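**Student:** Pasting the sequence and the predicted model now:
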Amino acid sequence: VVAETYAAALNAGITPVVREFGSLGCSGDLAPLAHCALALLGEGEVRVKGGEIVPAADALAQAGIEPLVLREKEGLALINGTDGMLGQLCLAITDLRAAAKAADIATAMTVEGLLGTLVVFADDLQQLRPHPGQADAAANILQVAEGSQILEAALEEFKKNQVQDAYSVRCAPQVAGGFRDTLAHTTQVAERELAAAVDNPVVAKDGRVVSNGNFHGAPVAYALDFLAIVTADLASISERRTDRFLDPARNRGLNAFLADDPGVDSGHMIAQYAQAGIVSEMKRLANPSSADSIPSSAMQEDHVSMGWSAARKLRKAVDGLQRVLAVEILTAARAIDMREGTPAKGTGAVIEKLRETVEGPGVDRYLSPEIEETVRLVKEGALIDAVEDATGKLRG
């Protein structure tokens, strides 16, 4: 009946209001989970469809749901454990898997927009350093940029005048690959935790009731912190690629700041400022929460995981990465449109999708709506869908 009541509330669009602060990740997410359980008892506050906050009792009555009357052990079972931080880890993994593909798409567009080379992404070069994520990222970049007439036309000039692309372009698979491999590790942590009993005390198979430490959030907290670190770095390399488009000394023949009228228009200059501000904050968010501990409960809980804090800051980092990638994609699309020739199938599909709601190159205008629209397309996976419809499934 407990599980059924939780499911009924979710199906009715009833979401308990959970305060942002309160968990130390020691008896798991004690305070946040208590807020969740409270709502099912008909107490506290909930959000209903549309976002309105109402008393839990009213929302349950409106949905025809009987408030829970807890039996022995159920109260402890509902509030002990890592369910809050674990739920946020699962949501972050889902979003970051999509972000990994978006980063590969952004890289492919930047290679094309900067007239770079695809040679470095060859599979045999990736196999010399056989990290699986690296091979996946390189394969995706090749798939998205394959068949670009813009790059084919620029190839001879590249061979004559360029030795190699900058690290932010050339080493993209190594960074995005490390990001993917960290995602794979944290997914394994999440899967184990989803299959775990994290209650205290537990009722063992032979009927013993035993106190234990499975509620401690350390394994999940570390995973959350690992993801905050690699998320910041993936955003950092994206910002560096974007910056190259804006400098006429490095953008291979494009206008300064991709401006329509250089010296009068500012082009995408301020869009990169926004990226820089976000990346700087993400670097601060990469500082681990799990390395901290503040004793509580009269020194009984003398070492805590701070996993909930790690989850909160990772949520901000995920949003930051999506925004940074959106600016790179928006900027690269503008640069490709300013080049002569036909783009690749994959990059062309992204630009075609963008141009449904976002204008192409032109005189200066209010950029915020265009950035927000591109962020929406990144978050919803619409640009990934466009690429995969044109070129086939991307890896990972």
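**Tutor:** Structure's in. What do you need?

**Student:** and P32, backbone torsions?
**Tutor:** Torsion angles at P32 (phi, psi; degrees, to the nearest 10) stand at phi -60, psi -40.

**Student:** and it, how many neighbours?
**Tutor:** The burial count assigned to P32 is 24, neighbours taken as other Cβ atoms under 10 Å. Heads up, the C-betas are built off the backbone N, CA and C, glycines and all.

**Student:** How about the contacts made by it?
**Tutor:** V18, R19, G22, S23, G84, W308 (Cβ atoms under 8 Å, 6 or more residues apart in numbering).

**Student:** Which pLDDT value belongs to the second one?
**Tutor:** Yep, that's R19 we're talking about. Note for R19: predicted pLDDT of 92.

**Student:** before we move on, what about the fourth one?
**Tutor:** On the pLDDT scale, S23 is placed at 91.

**Student:** same check, this time on the last one
**Tutor:** We note a pLDDT of 95 for W308 in this prediction.

**Student:** Just put the contacts of P32 in TSV and tack on distance to A3.
**Tutor:** Converted to TSV, the contacts of P32 look like this (distance: Cβ to Cβ, whole Å):
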residue	distance to A3
V18	19
R19	24
G22	24
S23	22
G84	17
W308	23
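
**Student:** Which of these are buried, as a PyMOL select command?
**Tutor:** Of the contacts of P32, the buried ones go into a single PyMOL selection, burial set by 16 or more other Cβ atoms under 10 Å:
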select buried, resi 18+23+84+308
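
**Student:** Tell me which of the contacts of P32 fall in helices.
**Tutor:** G84, W308 (DSSP state H).

**Student:** Tell me the one of the contacts of P32 nearest D199?
**Tutor:** Lowest distance from D199 to those (Cβ to Cβ) belongs to G84, with 14.2 Å.

**Student:** Once you drop chain neighbours, what's closest to the closest one?
**Tutor:** D29 (3.3 Å; Cβ to Cβ, 6 or more residues apart in numbering).

**Student:** which residues does the one you found contact?
**Tutor:** Here D29 is in contact with S23, G81, T82, D83, G84, M85, G217, G307, W308 (criterion: Cβ under 8 Å, 6+ apart).

**Student:** Quick check: the farthest pair among those?
**Tutor:** Spatial extent of the contacts of D29 (Cβ to Cβ) is set by the pair G81 and W308 at 12.0 Å.

**Student:** Please tell me I have it right and M269 contacts F245.
**Tutor:** No. M269 is not in contact with F245 according to Cβ atoms under 8 Å; the separation is 10.4 Å.

**Student:** Compare neighbour counts for these two and give me the winner.
**Tutor:** F245 (26 against 15).

**Student:** other SSEs contacting the helix or strand containing the more buried one?
**Tutor:** According to DSSP states H and E, F245 maps onto helix 218-246. Secondary-structure packing of helix 218-246 (3 or more Cβ pairs under 8 Å, 6 or more residues apart in numbering; DSSP states H and E): helix 83-113, helix 167-170, helix 172-194, helix 269-285, helix 307-338.

**Student:** what's the angle from it to helix 269-285?
**Tutor:** 160 degrees (axes from the mean of the first three to the mean of the last three Cα atoms, to 10 degrees).

**Student:** Counting neighbours, what do you get for V120?
**Tutor:** 18.

**Student:** can you tell me which residues contact it?
**Tutor:** Q164, D165, R170.

**Student:** if you set the cut-off to 10 Å instead, what comes out?
**Tutor:** For V120, the contact set (Cβ atoms under 10 Å, 6 or more residues apart in numbering) comprises V111, Q126, A138, I141, Q164, D165, V169, R170, C171, A172, P173.

**Student:** what's the nearest residue to the fifth one if we skip its chain neighbours?
**Tutor:** Spelled out, that is Q164. Per Cβ to Cβ, 6+ apart, closest to Q164 is R170, 5.9 Å.

**Student:** how near is the one you found to N255?
**Tutor:** Taking Cβ to Cβ, to the nearest Å as the measure, R170 falls 24 Å from N255.

**Student:** So for these two, which residue has more residues nearby?
**Tutor:** Higher neighbour count among R170 and N255: N255, with 19 against 16, using other Cβ under 10 Å.

**Student:** surely the more buried one meets V264?
**Tutor:** No. Using Cβ atoms under 10 Å, N255 is not in contact with V264; the gap is 11.1 Å.

**Student:** How far away from the center of its chain is the helix holding F245?
**Tutor:** Here the centre of helix 218-246 is set off from its chain's centre by 9 Å, with Cα atoms, centre = their mean, to the nearest Å.

**Student:** Then stretch 309-327?
**Tutor:** With Cα atoms, centre = their mean as the basis, stretch 309-327 stands 6 Å off its chain's centre.

**Student:** List the buried residues of stretch 386-395.
**Tutor:** Neighbour-count burial for stretch 386-395, counted by 16+ other Cβ under 10 Å, picks out A386, V387, E388, A390, T391, L394, R395.

**Student:** returning to what we had before: distance to E156 added to the helices and strands packed on helix 218-246, as TSV?
**Tutor:** As requested, these are exported to TSV (distance: least, Cβ to Cβ, whole Å):
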stretch	distance to E156
helix 83-113	16
helix 167-170	19
helix 172-194	23
helix 269-285	30
helix 307-338	20
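
**Student:** hang on, the earlier thing: can you tell me how far the residue nearest to G84 sits from Q174?
**Tutor:** Taking Cβ to Cβ, one finds D29 at 35 Å from Q174.

**Student:** cool, and G362?
**Tutor:** Per Cβ to Cβ, G362 is found 36 Å from Q174.

**Student:** Which of the two has more residues huddled nearby?
**Tutor:** Neighbours were counted for G362 and for Q174 using other Cβ under 10 Å; Q174 has more, 18 against 10.

**Student:** show me what contacts the closest residue in space to that one that isn't next to it in sequence?
**Tutor:** Counting by Cβ to Cβ, 6+ apart, Q174 lies nearest to Q134, which is 5.7 Å off, once chain neighbours are set aside. Each residue near Q134 by Cβ under 10 Å, 6+ apart is listed here: 125-127, 171-181.
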